[in-house]
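> Structure for this input, please:
(2 chains)
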There are 2 protein chains.
Amino acid sequence: MLLEQWFTPKPFTTEVESIDLRVGGSSVFIMRGQNGEEMRNSGVYLEVVPNERLVFTDAYTQAWKPSAKPFMTGEIVLKDAGAGKTRYTATARHWSAEDRKSHEEMGFHEGWTLAARQLEELAKTL
Amino acid sequence: MLLEQWFTPKPFTTEVESIDLRVGGSSVFIMRGQNGEEMRNSGVYLEVVPNERLVFTDAYTQAWKPSAKPFMTGEIVLKDAGAGKTRYTATARHWSAEDRKSHEEMGFHEGWTLAARQLEELAKTL
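Down below sits the predicted model:
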């Protein structure tokens, strides 16, 4: 699956255990590091507009079962930027200032930026 | 608006300040008691299937801004029960056992049941 090729900054890897890309559909991604660390992230899609917008949250594990910890809501917006380019904007929103801070400290900005660059490189080869 | 006629057990009243009944649409309901107490509840619709299913949560105030406190997700399911009847099932799910308990202590079961009866009475007159 293409998503597995760009979703986590190398050398982290992503395995898509399941993905059901529709409003209310859920996904489980397993991210692994070099030292055997493993993060299993599950979430639900809140909005799916092909080629335009994707919104998802870990507040639910499936429609509509609350997760153990509502941490973030992510929004990806794609806009035509002319000259064959696309503007990709990723936003993460949190339910508390503490969670936002902890996400920043986990390397949110660097991680999502690196992943977006990997997506760009991959897109060029398609 | 019909909703204002059944949504809260009398003598509580409901004022619909705004309602945008679609996935990602938000609503603000103001509930008032006899002694001037006022509760302003805002939320977002997660699923809207006319005559079948309605899912909403107070985890967002609008699409997709996290609220100060994600408390519950509500699900209303309507099913044809034959003989001109409809089975109405309301479920509330919470992100913590404490919130569930506090919702029960606030009178969830009694309140939602009374409101459903008011809805039934109103439906008979339409």
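
> what ranges do the helices span in chain A?
Taking DSSP state H to define them, one finds helices in chain A at A:3-6, A:97-105, A:108-124.

> Put together TSV for these, with distance to chain B and mean pLDDT on each row.
For the C-beta atoms, the positions are set from N, CA and C on the backbone; glycine is no exception. Shown next, in TSV, are those (distance: least, CB to the nearest CB, whole Å; pLDDT from 0 to 100):
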stretch	distance to chain B	mean pLDDT
helix A:3-6	21	96
helix A:97-105	9	97
helix A:108-124	15	95
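
> Out of the ones you listed, which one sits most buried?
Across the helices of chain A, averaging neighbours per residue (mean count of other CB atoms under 10 Å in any protein chain shown) puts helix A:3-6 on top, at a mean of 16.

> Report all helices and strands that that helix contacts.
Helix A:3-6 sits against strand A:13-19, helix A:108-124, with contacts defined as 3 or more CB pairs under 8 Å, 6 or more residues apart in numbering or on different chains; DSSP states H and E.

> Pipe these into a markdown table and attach distance to B:Asn51 per row.
A markdown table is the format used below for the helices and strands packed on helix A:3-6 (distance: least, CB to CB, whole Å):
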| stretch | distance to B:Asn51 |
| --- | --- |
| strand A:13-19 | 30 |
| helix A:108-124 | 41 |
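
> So which of those is nearest B:Arg117?
Proximity to B:Arg117 (CB to CB) singles out strand A:13-19 among the helices and strands packed on helix A:3-6, at 41.0 Å.

> and the closest one, which residues are buried?
Neighbour-count burial for strand A:13-19, counted by 16 or more other CB atoms under 10 Å in any protein chain shown, picks out A:14-15.

> Would you mind writing the CA trace of it as PDB?
C-alpha atoms of strand A:13-19 as PDB (Å, rounded to 0.1, in the frame of the first residue of the first chain):
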ATOM      1  CA  THR A  13       8.000   1.900   9.100                       C
ATOM      2  CA  THR A  14       4.200   1.800   8.900                       C
ATOM      3  CA  GLU A  15       2.100  -1.200   8.500                       C
ATOM      4  CA  VAL A  16      -1.600  -0.700   7.600                       C
ATOM      5  CA  GLU A  17      -3.400  -3.300   9.500                       C
ATOM      6  CA  SER A  18      -6.800  -2.100   8.300                       C
ATOM      7  CA  ILE A  19      -8.100   1.000   6.600                       C
END
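
> Would you confirm that A:Ala90 contacts A:Thr73?
No. The pair A:Ala90 and A:Thr73 does not pass the contact test of CB atoms under 8 Å, sitting 11.6 Å apart.

> still on that earlier bit, could you export the helices of chain A to JSON lines, including columns for distance to B:Trp6?
Output for these, formatted as JSON lines (distance: least, CB to CB, whole Å):
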{"stretch": "helix A:3-6", "distance to B:Trp6": "46"}
{"stretch": "helix A:97-105", "distance to B:Trp6": "37"}
{"stretch": "helix A:108-124", "distance to B:Trp6": "45"}
